[in-house]
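Chemist: sequence and predicted structure are below.
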Amino acid sequence: MLRALSAALLLALLAPRPAAAAAPEELRLDLTRSAVVTGALLAGSLATALWQDRLTPPRCRVCGAGALDTWARDQLRWADGRGASTASDVMLVAVPALAGGALLVSSLQHGDARTALEDGLMLVEATSVAVLATQVAKLAAARLRPYAWADPAGGHGPDSRRSFWSGHTAFTFAAASAAGTVARLRGYRSWPWILGLGLAGAAATGWLRMAADRHWATDVLVGAAVGTAAGLGIPAWLHGRRGDAGAPRVALVPLGIAGTF
């Protein structure tokens, strides 16, 4: 999966392009303010990561699992989950690196070093929101991981009570969604590849977390939803195109929701 994702992104970036690439769209981005906000988000994420063992409740608050979770565990769990766990850790790094790298290559093709800096900052800003939200949710929910639920007498440590929601899934979905959204807002031709292949890699990451018996299906589904919301929403709501009428608008209509982004 990782080789296929890398090859597809590389082919998309190296495909022939017009001699003069269109200039990137200007976005509503205050570089200094966004850098300060992103720095605060990263500091919060780092602080909760460093103190998470002490902040994790001594007992699970969500200790059981519903029918969907137990059924999915029976269907998806590998007999030996160590390989799936290692693969998911690789994907945790590879998916954001590939999506972010593809975005920055497109930034330099259409713009300059400042464009690449701005695009990279928006990517980090969106993923930082997802990471900090995940850390807070894990500590608040104190949900028991599947392997600890199946072995209650195993003497598991604090990490066994940080199942909800999946951090690997939230982070990879946020990175893929943010990279694709920034590329779309800028007008880069590569945005469908970045978004589509990045989301495929993020979905594989979530599946591997369940195969490794590290997360329940609902952990992965919620993590995917939160990561996608942060990746799509933060760039679009805060940094839309300057030529647009304003921030995205959403309205309820019969049989659904309509909006401009």
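Modeler: Cool, the structure landed. Everything quoted here is computed from the prediction, not taken from an experiment.
Chemist: in contact with the residue nearest to the spatial centre of the chain, which residues?
Modeler: Against the mean C-alpha coordinate of the chain, by CA atoms, centre = their mean, the closest residue is Ala174 at 2.4 Å. By CB atoms under 8 Å, 6 or more residues apart in numbering, the contact list for Ala174 reads 126-127, 129-131, 226-228, 230-231. (Each C-beta comes from the backbone N, C-alpha and C, glycine too.)
Chemist: rerun that using 10 Å as the cut-off
Modeler: 96, 99, 123, 126-131, 133-134, 202, 223-224, 226-232, 234 (CB atoms under 10 Å, 6 or more residues apart in numbering).
Chemist: Arg209 now?
Modeler: 76, 81, 84-85, 87-89, 91-92, 146, 163, 166-169, 215-217, 219-220, 223.
Chemist: please flag which of these sit within helices.
Modeler: Secondary structure from DSSP state H places 76, 84-85, 87-89, 91-92, 146, 167-169, 217, 219-220, 223 of the contacts of Arg209 in helices.
Chemist: which one among those gets closest to Thr48?
Modeler: Gly167 (11.1 Å; CB to CB).
Chemist: would you mind measuring from the residue lying closest to that closest one once chain neighbours are set aside to Arg114?
Modeler: Distances taken as CB to CB, 6 or more residues apart in numbering put Thr134 closest to Gly167, at 4.7 Å, once the chain neighbours are dropped. Separation of Thr134 from Arg114 (CB to CB, to the nearest Å): 31 Å.
Chemist: how about low-confidence regions in the protein?
Modeler: Counting by pLDDT under 70, the chain has low-confidence residues at 1-21, 244-261.
Chemist: please redo it, this time with the cut-off set to 80
Modeler: Per-residue confidence for the chain (pLDDT under 80) gives these ranges: 1-21, 243-261.
Chemist: tell me which stretches of it form helices.
Modeler: Using DSSP H, helices in the chain cover 2-14, 31-50, 52-55, 67-76, 82-110, 113-141, 146-150, 167-186, 191-211, 217-238.
Chemist: so which of the ones you listed is nearest Glu25?
Modeler: helix 167-186 (5.3 Å).
Chemist: about what we covered before: neighbour count winner among Thr134 and Arg114?
Modeler: Thr134 (27 against 10; other CB atoms under 10 Å).
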